[in-house]
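Novice: sequence plus the predicted model coming up.
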Amino acid sequence: MLLPIFSAALFAEKSGEIRKIEIDFAPGFRDNKVTVSIYKQMLSAHLWRRGGFDYEKNEVKNFLISNAIYWVEQFHVDGLRVDAVASMLYLDYGRSAGNWVPNRYGGHENLEAIEFFKHLNSVLNGRKTGAIIIAEESTAWPNVTKAPEDQGLGFNFKWNMGWMHDFLEYMKLDPYFRKYNHNKMTFGLTYFTS
């Protein structure tokens, strides 16, 4: 069983008699014990991140996609929440100037990670298991939930981290002042389908 790329968190939700399980799938993290290539352009570790995978290599993509399929088909998990998507999509995410190398077009998009996500989601959605794939993506990256053939990444859902933070801030307010801050509860809907 290939556990190092999965975080320890399990999320369970009771739905009548059915228990739904979603696990955190973390293809942006590389445990020091795993001997898979580190992304060649990573010049410094990103904040809490030890190192990334080289999404350009077929053996790396196959390893990661096989892990996702394994959890969905062998353990019958109902969903995968892909962790830290933004840190994989942007070469400069959390890095200061001079600590990252632009892509072949001079941009900050990680072209290999974009293609990896499109391929991962196409494979998982194509297997018709009913499992959902959720992107934990905290930026304004466009078309996260659009199909790859429509220039999207192919995720089924986007984890709304902004709403979670807004909700916690809203609840900290004195109830009297909440009526002036209802926008914290509705703002997330403005980018609901991004």
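Specialist: Sure, I can see it.
Novice: distance of the nearest residue to residue 154 once chain neighbours are set aside relative to residue 127?
Specialist: Once flanking residues are discounted, residue 154 sits nearest to residue 121: 3.0 Å by C-beta to C-beta, 6 or more residues apart in numbering. For glycine as for every other residue, the C-beta is placed from the backbone atoms N, C-alpha and C. Separation of residue 121 from residue 127 (C-beta to C-beta, to the nearest Å) stands at 11 Å.
Novice: neighbour-wise, which of these two wins?
Specialist: residue 121 (24 against 13; other C-beta atoms under 10 Å).
Novice: correct me if wrong: the more buried one contacts residue 146.
Specialist: No: counting by C-beta atoms under 8 Å, residue 121 does not reach residue 146; the two are 10.4 Å apart.
Novice: what sits in contact with each of these two?
Specialist: 153-154 (C-beta atoms under 8 Å, 6 or more residues apart in numbering).
Novice: for the protein, give me the ranges with low pLDDT.
Specialist: 1-51, 190-194 (pLDDT under 70).
Novice: now for the residue nearest to residue 103 when sequence neighbours are not counted: which residues touch it?
Specialist: Take residue 103 and drop its neighbours on the chain: the residue closest to it by C-beta to C-beta, 6+ apart is residue 111, 5.1 Å away. When contacts are counted by C-beta under 8 Å, 6+ apart, residue 111 touches 103-105.
Novice: helices of the protein, residue ranges please.
Specialist: For the chain, applying DSSP state H gives helices covering 58-74, 85-89, 111-126, 161-172, 175-178, 183-186.
Novice: tell me the gap between the longest one and the middle of its chain.
Specialist: A distance of 15 Å separates the centroid of the chain from that of helix 58-74, by C-alpha atoms, centre = their mean, to the nearest Å.
Novice: and for the third one?
Specialist: Here the centre of mass of C-alpha atoms in helix 111-126, compared against the chain's by C-alpha atoms, centre = their mean, lies 12 Å away.
Novice: list the buried residues of that helix.
Specialist: 112-114, 116-121, 124-125 (16 or more other C-beta atoms under 10 Å).
Novice: got the angle for that helix vs helix 58-74?
Specialist: 30 degrees (axes from the mean of the first three to the mean of the last three C-alpha atoms, to 10 degrees).
Novice: can you add distance to residue 54 and give the buried residues of helix 111-126 back as a markdown table?
Specialist: Shown next, in a markdown table, are the buried residues of helix 111-126 (distance: C-beta to C-beta, whole Å):
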| residue | distance to residue 54 |
| --- | --- |
| 112 | 8 |
| 113 | 10 |
| 114 | 14 |
| 116 | 10 |
| 117 | 15 |
| 118 | 17 |
| 119 | 15 |
| 120 | 15 |
| 121 | 20 |
| 124 | 21 |
| 125 | 24 |
